[in-house]
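# Please work out how this folds:
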Amino acid sequence: MRIVIIGGSGLIGTRLAARLAEAGHSVLPASPRTGVDAVTGQGLAAALAGAEVVVDVANAPSFADGPVLDFFTRSTRTLLAAGAEAGLRHHVALSVVGTDRLKASGYFRAKLAQERLIAEGPLPYTIVRATQFFEFLGGIAAAGTRAGTVRVAPTGIQPIAAADVAALLAGIAVGPPARGLVEIAGPEAFRLDALLARVLAGDGRTVLADPEAGYFGTPVTGDPLLPGPAARLAPTRLDDWLPARAA
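You can find the predicted model right below:
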């Protein structure tokens, strides 16, 4: 099967490309770095020629409200139109658990707009909402750090390893379109402050639960980052991931 990965040079894209290639598929990792720009359409028709599946794991270069909305809407419209022209049988897009519950965030509004375009578009599709990656916990901590103290909302989170995201996406990409949403998550739920205290152990910072801290500046009520009961669970636990990160 010929599969094109939009965002193929990134954290998930590189792992996904390796997984699919190991399984015997013909894979094209596409990104502006390789001359394929889903926003402008540059190189897209040639990249999709002969492909059956496209997997969009690209992320926006800016998370500011206007630019992030522009990126996801323009790139998705361009990709859907090019995919329809190429006769793709499956459009897979990576999104985020909580997208529909954190609408105060410009980033999540942009992801929701992307999801709606895909659902209303011309191609059979699967939207894969993943929980936060283990690999991004450091960024969450950095965003909440002030004077050696990390303040984060005491909200639930069920992180997943990037390698597991790639493995689950690989299986979804070669399967039939769900024509809807699929959630994927790690196997363990934590409270965010307790999780960061474990991840940051030994680095000198203190982690405090602060209901006013929000999530990257977005107010949080309840546990919007937790998946539903039908989520597909990955195998990697925190105690598996921490030694691998240290190594």
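# which residues of this protein fall in strands?
Ranges of strands in the chain, per DSSP state E, are 2-6, 26-30, 53-56, 90-96, 125-130, 145-146, 149-152, 156-157, 180-185, 190-191, 206-209, 232-233.
# Quick one: list the elements packing against the last one.
Helices and strands in packing contact with strand 232-233 are listed as strand 180-185; criterion 3 or more Cβ pairs under 8 Å, 6 or more residues apart in numbering; DSSP states H and E. Every residue, glycine included, has its C-beta placed from N, CA and C.
# contacting residues around the closest residue to residue 54 other than its chain neighbours?
Closest residue in space to residue 54, ignoring its immediate chain neighbours: residue 4 at 4.8 Å, by Cβ to Cβ, 6 or more residues apart in numbering. Counting by Cβ atoms under 8 Å, 6 or more residues apart in numbering, residue 4 touches 27-28, 30, 47-48, 51, 53-55.
# what residues does the longest helix seen in the chain touch?
Ranked by residue count and defined by DSSP state H, the top helix of the chain is helix 65-86. Under the contact criterion Cβ under 8 Å, 6+ apart, helix 65-86 has outside partners 6, 38-41, 44-45, 48-51, 54, 56, 58, 60-62, 91, 93, 106-107, 109-111, 113-114, 117-118, 121-123.
# quick one, that helix and strand 90-96 angle?
Computed by axes from the mean of the first three to the mean of the last three Cα atoms, to 10 degrees, the angle separating helix 65-86 from strand 90-96 equals 160 degrees.
# Same question for helix 65-86: list its buried residues.
68-69, 71-73, 75-80, 82-83, 86 (16 or more other Cβ atoms under 10 Å).
# again, but for stretch 193-200
Buried residues in stretch 193-200 (16+ other Cβ under 10 Å): 193, 195-197, 199-200.
# What average pLDDT does stretch 206-223 get?
Stretch 206-223 comes out with an average pLDDT of 92.
# That one: how far from the chain's middle?
21 Å (Cα atoms, centre = their mean, to the nearest Å).
# what does stretch 59-79 give?
Counting by Cα atoms, centre = their mean, stretch 59-79 comes out at 14 Å from the chain centroid.
# cool, stretch 37-53 as well?
Worked out by Cα atoms, centre = their mean, stretch 37-53 lies 21 Å from the chain centre.
# repeat for stretch 8-24
Worked out by Cα atoms, centre = their mean, stretch 8-24 lies 14 Å from the chain centre.
# in it, what's buried?
Result for stretch 8-24 [16+ other Cβ under 10 Å]: buried residues 8, 10-17, 19-20.
# can you tell me which of the buried residues of helix 65-86 lies nearest to residue 134?
residue 68 (23.0 Å; Cβ to Cβ).
# so can I have TSV of the contacts of residue 4 showing distance to residue 101 and neighbour count?
Below are the contacts of residue 4 laid out as TSV (distance: Cβ to Cβ, whole Å; neighbours: other Cβ atoms under 10 Å):
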residue	distance to residue 101	neighbour count
27	33	25
28	34	20
30	31	29
47	34	23
48	33	24
51	33	21
53	29	26
54	27	29
55	25	30
